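Participant: Just the structure for this:
(one chain, ligands or ions: 1)
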Amino acid sequence: MQYHLDGFTPGDPALRRAVDGLSQPESSDLYEEVDVLIVGCGPAGLTLAAQLSMFPEITTRVVDQKLGPLEFGQADGVACRSMEMFEAFGFSERVLKESYWVNETSFWRPDPEAPETIVRADRIQDVEDDLSEFPHTILSQARVHDFYLEAMLQSPRRLVPDYGRRFSHLVVERDGPSAGEYPVVAHLERVDPGHEGHVEVVRARYVVGCDGARSAVRTSIGVELRGDAANKLWGVADMLAVTNFPDIRLKSAIQSSNNGSVLVIPREGGYLFRMYTELGELEPGERASDREITPDDIIAAAQNVLHPYTLDVKEVSWWSVYEIGQRLSETFEESTPSGADDGPRVFITGDACHTHSPKAGQGMNVSMADSFNLGWKLASVVLGMATPELLETYSVERQSIAQELIDFDRAMETLFAARATTAEAGEAKAQQAQFQEYFTKHARFTAGVETTYETSLITNAPVHQHLAAGMTIGKRFHSEAVIRLADAKPMHLGHTIKADGRWRIFAFADGDDPTNPASRLAALCHFLEANPDSPVNRYTPADCDIDSAIDVRAVCQQRHRDLAVDGMPSFLLPRKGRFGLIDYEKIFCPDLQHGPDIFDSRRIDRTKGCVIVVRPDQHVAHILPLDAHDELADFFVRFMVPVASAH
Ligand SMILES: Cc1cc2nc3c(=O)[nH]c(=O)nc-3n(C[C@H](O)[C@H](O)[C@H](O)COP(=O)(O)OP(=O)(O)OC[C@H]3O[C@@H](n4cnc5c(N)ncnc54)[C@H](O)[C@@H]3O)c2cc1C
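Facilitator: Alright, predicted model coming up:
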């Protein structure tokens, strides 16, 4: 963490300098015109709000029909990839500390000798080695919300949600007398005590519907969720209970012969656990509430599955019965009228675009990932740093990921729900084995690290992929341990990528001495620093630090004690802030103490080195030779706006 750049500031360094004149959280009443209006304070809405709140120049308003923050329940699975994203937002350590870590998963099936009882079929490692530097964790969605709310409050904009506002509809006014800078007109109805029925009209450049499965924003732009009707009924209960089921502190998938299946999710704090139970299918037109299911019904269903083990429930802290269908919208953006060159103005993210069973633990994760994909793009376009075409990549990228999720979920659910009667015991075993195999094979997918964005405006074709075979273009930058040169700090290279909207260029040096001005690393630095065509020079505003648009870091092959920091190219020791202080945190060396170093584990060509360009959402955008200076510059030309023409 870097601070004190513009002068010593006492107190908590996480509390960022507020925009001028703003000491209190922003009052929503100030904003009838905003850059971005976010509807919904679930994980999708809060990820987006936290991202946008990092930009002092951007005004954001985030509203929810609820009267205050979530306190209980809903999702709880936090995939490794989401942990990596939390690191970028600055709160991964808090989640690590509070959460349950899913290190192993057990599978139970009907005992072939006594099929009315269950027996452990297997117990496996949950996350394969070196999939991520973070574990798969379990934490209440409410706590995840808390961390986002705190990040927003500490941001330069001190952003707080406006609760008690129900979005009703919007119109996009591209033509006509009232069209202008803020073309989206959204209507909000106050539902908070004392203001009921009062209507607020907010004009925005962009509106993002993060308003869940029954999204009114989605309806406003004429987009539908398509797929199976929400007909599968699930009971979920968070409980404190005494049981003799031995794997109660392991994530356990349990299939009984005739009583359905249960998923046990141990929870944070050591005692609490969650049980998901299947409660059958709804008839067409029937709603979950019509069944009048109680917590006792959920417990009874779980007790039947667990037999012969006992379950004595002492307290149910939260429970819910909810209907699920695998549904997906065809697009995640408004369709723009022909001739409109400003790109889409309204987007949807999270459950507003896709719904699926809780089995794979993806609800919160995929929703947050949607918003992490969109947030930096919106910020770049609002700030005039990128062209509006950038926004069109959001729906394309995330819709195909959601389709994969729906396909995965459908297959997983079919396997999980496969029943076996005594007469079909052989078949039951085969189904169990198939489920387990599917679960293991797709662990990378559920960890969130398999997400691969196709070649596009911002993700280059894999022309030079061989230079870093272990850093797949389109996938997230796979972090690895390194040593920071100047202060010998062991750390993760990926943790330098913060949720601040900046692009990163990681220059992996060849074997030459990087202090030699004739080395290829030094030549790249010289190009980036001095050449007018360098992306750093083209896109960095005149009054900003040299790394404010594109942050360049170098990884050398030498042992950190063998490299002289003062001999390194000056570009890697940039002068910043109002005092022109030197930033010493741009250069790294391999960590040679703990197994293969970054060059070996990520299969980076030691002879040639390479340049890895990383998007602000941590996905690898491009891999190039160290001396492909023009190619590097050409990549950014596709979507960035040079500073001279930025507005
Ligand atoms: C009752 C419930 C129980 C769930 N249980 C589980 C579970 O056990 N396990 C699991 O994995 N997943 C569960 N989920 C799903 C998981 O919580 C979601 O996948 C995840 O929260 C999606 O995040 P989101 O931000 O897209 O939407 P949501 O979390 O649904 O957030 C949407 C927000 O928008 C607000 N909103 C909606 N309409 C409007 C409007 N018109 N105006 C203003 N605000 C509006 C809502 O109040 C809400 O705060 C559950 C969801 C619900 C609703």
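Participant: Quick check: which element contains the residue lying closest to residue 453 once chain neighbours are set aside?
Facilitator: Nearest residue to residue 453, sequence neighbours excluded (C-beta to C-beta, 6 or more residues apart in numbering): residue 474, at 4.4 Å. Any C-beta I mention is one placed from the backbone N, CA and C, and that applies to glycine too. Per DSSP states H and E, residue 474 falls between elements, in no helix or strand.
Participant: Find the residue at the geometric middle of this protein.
Facilitator: Centre of the chain computed as the mean C-alpha position; nearest residue by C-alpha atoms, centre = their mean is residue 369, 3.1 Å away.
Participant: Please report the distance of that one from the ligand.
Facilitator: 11 Å (C-beta to the nearest ligand atom, to the nearest Å).
Participant: so that residue is in which element?
Facilitator: helix 363-382.
Participant: Show me what the longest helix seen in the chain is packed up against.
Facilitator: Longest helix in the chain, counting residues (DSSP state H): helix 389-417. Secondary-structure packing of helix 389-417 (3 or more C-beta pairs under 8 Å, 6 or more residues apart in numbering; DSSP states H and E): strand 261-266, strand 327-329, strand 346-348, strand 354-355, helix 363-382, helix 425-441.
Participant: Would you single out the least confident of the ones you listed?
Facilitator: Ranked by mean pLDDT, the helices and strands packed on helix 389-417 bottom out at helix 425-441, with a mean of 67.
Participant: how about low-confidence regions in the stretch 301-450 of the chain?
Facilitator: 416-429, 431-432, 436, 440-441 (pLDDT under 70).
Participant: Could you pick out the residues of it near the ligand for me?
Facilitator: 320, 322, 350-352, 358, 361, 363-364, 367 (C-beta under 6 Å from any ligand atom).
Participant: now those residues: which count as buried?
Facilitator: Among those, those classed as buried by 16 or more other C-beta atoms under 10 Å are 320, 322, 350-352, 358, 361, 363-364, 367.
Participant: Including distance to residue 521, could these go into CSV?
Facilitator: Formatted as CSV, these follow (distance: C-beta to C-beta, whole Å):
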residue, distance to residue 521
320, 55
322, 54
350, 42
351, 46
352, 45
358, 48
361, 42
363, 44
364, 41
367, 40
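Participant: Among these, name the ones in strands.
Facilitator: 320, 322 (DSSP state E).
Participant: just to revisit the earlier point, now that the residue nearest to the centre of the chain has come up, it's in contact with residue 447, right?
Facilitator: No. Counting by C-beta atoms under 8 Å, residue 369 sits too far from residue 447 to count as a contact (11.9 Å).
Participant: Mutual contacts of the two, please.
Facilitator: Shared contacts of residue 369 and residue 447 (C-beta atoms under 8 Å, 6 or more residues apart in numbering): residue 81.
Participant: ok and the longest helix of the chain relative to strand 261-266, angle-wise?
Facilitator: 120 degrees (axes from the mean of the first three to the mean of the last three C-alpha atoms, to 10 degrees).
Participant: in helix 389-417, what counts as buried?
Facilitator: Neighbour-count burial for helix 389-417 [16+ other C-beta under 10 Å]: 390-395, 397-399, 401-402, 405-406, 408-409, 412-413, 415-417.
Participant: so what pLDDT did the residue of the stretch 1-150 of the chain found nearest the ligand get?
Facilitator: The ligand sits closest to residue 42 of the stretch 1-150 of the chain, with a gap of 2.2 Å, by C-beta to the nearest ligand atom. Note for residue 42: predicted pLDDT of 97.
Participant: next SSE after the helix or strand harbouring residue 483?
Facilitator: Assigned by DSSP H and E, residue 483 belongs to strand 481-484. Counting by DSSP H and E, the next helix or strand C-terminal to strand 481-484 is strand 489-492.
Participant: May I see the buried residues of that following strand?
Facilitator: For strand 489-492, using 16+ other C-beta under 10 Å, the buried residues are 491-492.
Participant: can you check stretch 581-589 too?
Facilitator: For stretch 581-589, by 16+ other C-beta under 10 Å, it's 583-589.
Participant: Okay, and which of those residues map to helices?
Facilitator: Per DSSP H, the subset of those in helices is empty.
Participant: JSON lines for the residues you listed, including distance to the ligand?
Facilitator: Below are these laid out as JSON lines (distance: C-beta to the nearest ligand atom, whole Å):
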{"residue": "583", "distance to the ligand": "36"}
{"residue": "584", "distance to the ligand": "39"}
{"residue": "585", "distance to the ligand": "34"}
{"residue": "586", "distance to the ligand": "36"}
{"residue": "587", "distance to the ligand": "39"}
{"residue": "588", "distance to the ligand": "36"}
{"residue": "589", "distance to the ligand": "41"}
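Participant: Helices of the chain, start to end?
Facilitator: Remark: helices assigned in the chain by DSSP H are 43-53, 80-89, 92-98, 141-153, 216-220, 295-306, 363-382, 389-417, 425-441, 443-446, 520-530, 535-539, 598-601, 629-637.
Participant: Compare these and give me the one nearest residue 468.
Facilitator: Closest to residue 468 of those, according to C-beta to C-beta: helix 598-601, at 9.2 Å.
Participant: how many neighbours does residue 170 have?
Facilitator: 25 (other C-beta atoms under 10 Å).
Participant: Show me which residues of the stretch 51-200 of the chain are close to the ligand?
Facilitator: Residues of the stretch 51-200 of the chain lying near the ligand (C-beta under 6 Å from any ligand atom): 63-66, 74-75, 77, 141, 166-167.
Participant: out of those, which is most surrounded?
Facilitator: Highest neighbour count within these, by other C-beta under 10 Å: residue 64, with 26 neighbours.
Participant: Of all residues in the stretch 151-300 of the chain, which one is closest to the ligand?
Facilitator: Taking C-beta to the nearest ligand atom, the stretch 151-300 of the chain has residue 212 as its residue nearest the ligand, at 3.0 Å.
Participant: backbone phi and psi for that residue, please?
Facilitator: phi 80, psi -170 (degrees, to the nearest 10).
Participant: Ok, residue 357 next?
Facilitator: Dihedral angles (degrees, to the nearest 10) for residue 357: phi -70, psi 160.
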